[in-house]
Structures are given as C-alpha cells and as structure tokens.
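Q: I need the structure of the sequence given here:
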Amino acid sequence: MNKKDLVLVPVFAALYAVLVWVFQPISFMALQFRVAEALKPAVAKKWVLMFAFAIGNFLGNLVSPFAGIYELAFMPLMNVVGGLLAWKLSRGNYFVAGAVYSLIIALSVSYMLSQLFNIPFLILIFPLIATELIAMTLGATIFKTIEKRFKWY
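A: Presented below is the predicted three-dimensional model:
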C-alpha cells in the first residue's frame, strides 16, 4: 500500500457510510437500493478499496434497524470477498467489477434476509441482483467518465 491508498481507503469508507445514512429509508428495505453501491466498481482500479467498502458497510449498518451479527460482521466480510473477486476478475474494467460485486452482494444480502426474516431466498435474489446491477452500472459509468479526464486512482 502506498500513501495514496492510505488516503483513498478512509475517504471511500466515509463516502459509503454517509451515502447509506443519507439514503437510509431505501438502504435497509427488503428490496434495498443502496446509492452507496455505485462506489464499488472503483475496486477495478484499486484493490485496497475492498477494505474501504467493508469499513463503510460496517459504519453504514450501525444505523440499520436490523444491526446484528449479519449486518456488522457477515456483510463487511462479504464486501471484502466481493471486492477481491471483482478486482481479480475485472482486469481493470469497471463494468465487470460492478457485475461481479453485484452478484456477490446480492447473494449475501439474500442469504442474510432469508435467515433474519424467513423469506425464501429465491424470492429475494433476483430483485436484489437487479438493484445492485443498477447502482453499480451507474457507478461504473461515472468512474469511466471521470477517468477520461482524471486519473483518480
């Protein structure tokens, strides 16, 4: 890790947490839509951001009405797993990173919600994949646009 990475991790973690808090009404529903997820395709260029998203997820979930072991331990861990897989498979492509991360997070949230509320996993997975893909595709588009003018990473 270099100095820039040490700055990017807390900045992205804070951004993620704040976006979850600001959009709290839609961040914790059964079919949640987290605007903060749009940040995750950035892991395509910076693998260390997987730690930022785990930290941001933990901090964001502190205000969850369902805060507990799933929200405060399982989901941050899944953010590291998803981030690592997204970085490895993306080869620097924001859209691939977003797609991989979307799948991992949607599977994880579906599992968590099925355990917490006894909702069938198959009812949850497809809408959650859709909302994750929407947010991360939007984020990938934004990062691609930024990258045309600035090297942010």
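Q: can you give me the helices in the chain?
A: Using DSSP state H, the helices of the chain run over 3-22, 24-27, 49-61, 69, 75-90, 94-117, 121-149.
Q: just those: most buried one?
A: Each of those was scored by mean neighbour count; the highest is helix 49-61, a mean of 24, by mean count of other Cβ atoms under 10 Å. Bear in mind the C-beta positions are built from the backbone N, C-alpha and C, glycine included.
Q: Tell me which other helices or strands it touches.
A: Counting contacts by 3 or more Cβ pairs under 8 Å, 6 or more residues apart in numbering; DSSP states H and E, helix 49-61 packs against helix 3-22, helix 75-90.
Q: so how far is Leu103 from Val96?
A: Val96 sits 11 Å away from Leu103, going by Cβ to Cβ, to the nearest Å.
Q: same question, Met29
A: Per Cβ to Cβ, Met29 is found 20 Å from Leu103.
Q: How about Ile134?
A: Taking Cβ to Cβ, one finds Ile134 at 14 Å from Leu103.
Q: would TSV of the helices and strands packed on helix 49-61 with mean pLDDT and distance to Phe143 be doable?
A: Listed next are those as TSV, based on pLDDT from 0 to 100; distance: least, Cβ to Cβ, whole Å:
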stretch	mean pLDDT	distance to Phe143
helix 3-22	96	12
helix 75-90	98	11
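Q: just for the protein, where's the confidence low?
A: Low-confidence segments of the chain (pLDDT under 70): 30.
Q: Which residue, neighbours along the chain excluded, lies closest to the spatially most central residue of the chain?
A: Nearest to the geometric centre of the chain sits Glu37, at 4.2 Å (Cα atoms, centre = their mean). Nearest non-adjacent residue to Glu37, counting by Cβ to Cβ, 6 or more residues apart in numbering: Ala135, 3.8 Å away.
Q: possible to save the helices and strands packed on helix 49-61 as CSV with distance to Thr145?
A: Listed next are the helices and strands packed on helix 49-61 as CSV, based on distance: least, Cβ to Cβ, whole Å:
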stretch, distance to Thr145
helix 3-22, 17
helix 75-90, 17
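Q: Of all those, which one is nearest Ile125?
A: Nearest to Ile125 among the helices and strands packed on helix 49-61 is helix 75-90; the distance by Cβ to Cβ comes to 14.2 Å.
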